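[1] curious how this folds, go ahead:
(2 chains)
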Amino acid sequence: MSEEAIQVMMTDEQRQLDDAAIRADFPLLNDEVAYLDNAATTQKPQSVIDAVNNYYETSNANPLRGLYELSVKATEIYEEARAAVADFINAKRTEEIVFTRNATESLNLVGYTWAQDNLKPGDEILISILEHHSNMLPWQQAAKRTGATLRYLECDKTGKITEEMFRAAMTPQTKLVAMTQVSNVIGRTNDIKTFAKIAHEYGAVFVADGAQSVPHMAVDVQDLDVDFLAFSGHKMLSPMGIGVLYGKYEILDKMSPFLFGGEMIEYVTREGATYAEVPHKFEAGTVNAGGAAGLHAAINYVKSIGFDKITERETHLTAYAMEKLKEYPYVHILGSTNPAEHHGIITFLVDGVHPHDIAAILDEFKVCVRAGHHCAQPLLAYLGTRSTARASFAFYNTEAEVDRLVDAVKALRKEMGYEE
Amino acid sequence: MRNNTFYNEILTDHNLHPAHKHDLPDANFELEGVNPSCGDDIVLKLRVEGDKIVDGAYVGDGCAISQASADMMLDLIIGRSKEEATHLAEVFLRMIKGKITEEEKDELEEAGVLEDISHMPARVKCAVLGWRTMNEIFDDPEKAQKKVDKPVSSEGEICHL
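    The predicted structure follows:
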């Protein structure tokens, strides 16, 4: 069913009933505070909190090593979570899912292992200017260590990168391309499927940052044909401290380990060691089984709502907010004018009011937004600003919360001493 | 329900209508102060004769708290000795940590309105930027003096922001 069809079908009354039912699943949400910083981290439904509690209350032991029943149970919970992630992003094999702490660690893993093993002076790494620092600094460092050159692909002023722009940036020396699927600053989607196909024509591997996409849209790694995909659990309803690196099995299998220690070995002698199979060779030390249980529950929750509905609600809230904010000439929204191209992210400037003051005054109205450089300083410099304010919606936000945001934004300039 | 505001009239007035936000061509001390995480960026300019701060100004940009605080500081220190200014800085920094008497707060005059920043840890660095930069000038006068010959930031770069 198309998005338009769903939007037409849903009446205001239905939407309100729906809002209430969904919000009741989230213990932290209430009518006092409008939480609009979901691109930073989302709130957690009771089912996720219960899954973590349940793991520690009934199943906790050190997974993957114990020979007794409790440890076997802990291992099962951990490995079932891996299978759930594999299914969620349609990985071909469960072993292609490596658990990490977050997207940042996932990207660093590739930067330290694949890049170290495969790059040499003269090779090029291509990243876009839209990247979060977590998909930029690992490549800056990899370039420094290997002697490869880091190149930036610039977007147009609305954040768009076309196929022609991408093709023009590729060279026979390009060995790795790293790009976000959805920008954390302007919410714009990159056409990862097309770009990965082009990268492969040049023999380059393609690393996708899914931190802002996986929580908001169906991501199918086989369809996209990316070589790696990184995302964080905490931005999609899970506890903090659990993240994912997807990698194609053939590539992971050839890669050097990342961290060294327990859990990732087969045999250890005084002189050396042989390493465990994928994915365990990348999961040194005691793993975060409680977090994995939470991520599993989060995936189940997202599936129960469905991406059709998640997209419908987030797009609706974005459109509603953009429409209302447009009435104020001193408010400037970055990126596309089409709400569907924002993925719930509205980054904005207010004439004469510094973004940190915006966030502080919005806090006085009990509206939580992010202000600053959003860990994307080169992008903001490219767009000609140092910092911005950002409201980001999740499917559990409501029109009433958007109204609060708009009312607070309306009051901003007066609070700061302007006439209007 | 609203939380309490610390954006009172005194603060917003100093931000919108600063008395000291301009260039100071005859400054003999000049130093840039930056909060990299939020982008507050000022250049503090002082004209010091003997022991006395005879004039002062700042240019740059940043949030209302960083800008208003620098302006209030200059209100206080222009016409005072270096020693007095350093003493006021010490009192101000202590106020921001929430450790100050009412009498001491009176010494700070309008700058006392920033007392509530002590409850907003994320904004402390904004409030102290001007004061910290002044302290740095007096701690290492050579460094700040040198920059007069070779200004770090041309007016064109900073003033128009």
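
[2] residues in contact with A:Leu107?
    A:Ser134, A:Asn135, A:Pro138, A:Ala178, A:Val207, A:Asp209, A:Ala230, A:Leu245 (CB atoms under 8 Å, 6 or more residues apart in numbering or on different chains). Any C-beta I mention is one placed from the backbone N, CA and C, and that applies to glycine too.

[3] narrow the residues you listed to those in helices?
    Those of the contacts of A:Leu107 mapping onto helices are A:Pro138, per DSSP state H.

[4] just the contacts of A:Leu107 now: which is nearest chain B?
    Of all the contacts of A:Leu107, A:Ser134 has the smallest distance to chain B: 16.1 Å, by CB to the nearest CB.

[5] ok, the closest one - how many residues close by?
    22 (other CB atoms under 10 Å in any protein chain shown).

[6] now chain B against chain A: closest residue?
    Using CB to the nearest CB, the single residue of chain B nearest to chain A is B:Thr12, 3.5 Å away.

[7] pretty sure that residue contacts B:Ile65?
    No - applying CB atoms under 8 Å as the test, B:Thr12 and B:Ile65 come out as separate, 10.3 Å apart.

[8] looking at the two, which one has more neighbours?
    Remark: of B:Thr12 and B:Ile65, B:Ile65 carries more neighbours, 29 against 18, as counted by other CB under 10 Å.

[9] how about the more buried one, secondary structure?
    helix (DSSP: H, G, I helix; E, B strand; the rest coil).

[10] the nearest residue to it once chain neighbours are set aside: what secondary structure?
    Using CB to CB, 6 or more residues apart in numbering or on different chains and skipping the chain neighbours, the partner closest in space to B:Ile65 is B:Cys126 (4.1 Å). The local conformation at B:Cys126, judged by three-state DSSP, is helix.

[11] what's around B:Cys126, how many residues?
    27.

[12] if we can go back for a sec, and the residue of chain B closest to chain A, what does it touch?
    B:Thr12 touches A:Glu415, A:Met416, A:Gly417, B:Ala64, B:Ala68, counting by CB under 8 Å, 6+ apart.

[13] ok, the fourth one to A:His356 distance?
    According to CB to CB, to the nearest Å, B:Ala64 and A:His356 sit 8 Å apart.

[14] find residues that contact each of the two.
    Joint contacts of B:Ala64 and A:His356 (CB under 8 Å, 6+ apart) do not exist.

[15] related to what we said a few turns ago, give me the element the residue of chain B closest to chain A is part of.
    In this assignment (DSSP states H and E), B:Thr12 forms part of helix B:9-16.

[16] list the contacts of the following helix or strand past that helix.
    Counting by DSSP H and E, the next helix or strand C-terminal to helix B:9-16 is strand B:29-35. Applying CB under 8 Å, 6+ apart, the external contacts of strand B:29-35 come out as B:40-48, B:60, B:62, B:66, B:125-126, B:129-130, B:132-133, B:136-137, B:141, B:143-145, B:147-148, B:151-153.

[17] equivalent analysis for stretch A:349-357, please.
    Contacts for stretch A:349-357 (CB under 8 Å, 6+ apart): A:330-332, A:334, A:358, A:361, A:371-372, A:385, A:387-389, A:409, A:412-413, A:416, A:418, B:7, B:16, B:38, B:61-65, B:123, B:126.

[18] span of it from start to end?
    End-to-end distance for stretch A:349-357: 11 Å, by CA to CA, to the nearest Å.

[19] buried stuff in stretch A:210-228?
    By 16 or more other CB atoms under 10 Å in any protein chain shown, the buried positions in stretch A:210-228 come out as A:210-219, A:221, A:224, A:226-228.

[20] then stretch A:120-128?
    A:Asp123, A:Glu124, A:Ile125, A:Leu126, A:Ile127, A:Ser128.

[21] now do stretch A:178-196
    For stretch A:178-196, the neighbour count (16+ other CB under 10 Å) marks A:178-192, A:195-196 as buried.

[22] ok so, going back, just flag the most distant two among the buried residues of stretch A:120-128.
    A:Asp123 and A:Ser128 (18.1 Å; CB to CB).

[23] which residues does the residue of the stretch 151-300 of chain A found nearest chain B contact?
    Residue nearest to chain B within the stretch 151-300 of chain A (CB to the nearest CB): A:Val185, separated by 14.7 Å. Neighbouring residues of A:Val185 by CB under 8 Å, 6+ apart: A:Leu130, A:Gly159, A:Leu334, A:Gly335, A:Ile345, A:Thr347, A:His374, A:Ala376, A:Leu379, A:Leu380, A:Thr388, A:Arg390.

[24] I'd like to know how far it sits from A:Pro339.
    Separation of A:Val185 from A:Pro339 (CB to CB): 16 Å.

[25] same question for B:Glu107.
    53 Å.

[26] same question, A:Val331
    In terms of CB to CB, A:Val331 sits 15 Å off from A:Pro339.

[27] which non-adjacent residue is nearest the residue in the stretch 301-420 of chain A that chain B sits nearest to?
    Residue nearest to chain B within the stretch 301-420 of chain A (CB to the nearest CB): A:Gly417, separated by 3.5 Å. Distances taken as CB to CB, 6+ apart put B:Thr12 closest to A:Gly417, at 3.5 Å, once the chain neighbours are dropped.

[28] assign A:Lys175 to helix, strand or coil.
    strand.

[29] do the same with B:Lys45
    With three-state DSSP as the basis, B:Lys45 sits in strand.

[30] surely it touches B:His22?
    No - applying CB under 8 Å as the test, B:Lys45 and B:His22 come out as separate, 9.1 Å apart.

[31] compare neighbour counts for those two and give me the winner.
    Counted by other CB under 10 Å, B:Lys45 and B:His22 do not tie: B:Lys45 has more neighbours, with 27 against 11.

[32] give me the buried subset of the contacts of stretch A:349-357.
    Those of these that meet the buried threshold are A:331, A:334, A:358, A:361, A:371-372, A:385, A:387-389, A:409, A:412-413, A:416, B:7, B:38, B:61-65, B:123, B:126, by 16+ other CB under 10 Å.

[33] which residue lies nearest the spatial centre of chain A?
    In chain A, the residue lying closest to the centroid (CA atoms, centre = their mean) is A:Ala211, at 1.2 Å.

[34] give me the residue ranges of the chain where confidence is low.
    All of this is about chain A. For chain A, the stretches with pLDDT under 70 are A:1-10.

[35] that was the other one, I meant chain B.
    In the predicted model of chain B, residues B:1, B:3-4, B:146-161 satisfy pLDDT under 70.

[36] what segments of it are strands?
    Counting by DSSP state E, the segments of chain B that form strands are B:29-35, B:40-49, B:52-61.

[37] can you convert the ones you listed into TSV and add a column each for distance to B:Glu103?
    Below are those laid out as TSV (distance: least, CB to CB, whole Å):
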stretch	distance to B:Glu103
strand B:29-35	29
strand B:40-49	27
strand B:52-61	23
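
[38] so which of these is nearest A:Lys92?
    strand B:29-35 (47.6 Å).

[39] element containing the closest residue to A:Ser336 other than its chain neighbours, please.
    Leaving out its chain neighbours, the residue that sits closest to A:Ser336 by CB to CB, 6+ apart is A:Thr158, at 5.3 Å. Assigned by DSSP H and E, A:Thr158 falls within no helix or strand.

[40] tell me the contacts of residue 123?
    All of this is about chain A. A:Thr146, A:Ala148, A:Thr149, A:Gln173, A:Thr174, A:Lys175, A:Leu176.

[41] should've been chain B
    Contacts here follow CB under 8 Å, 6+ apart; on that basis B:Arg123 touches A:His356, A:Ala360, B:Cys63, B:Ile65, B:Ile117.
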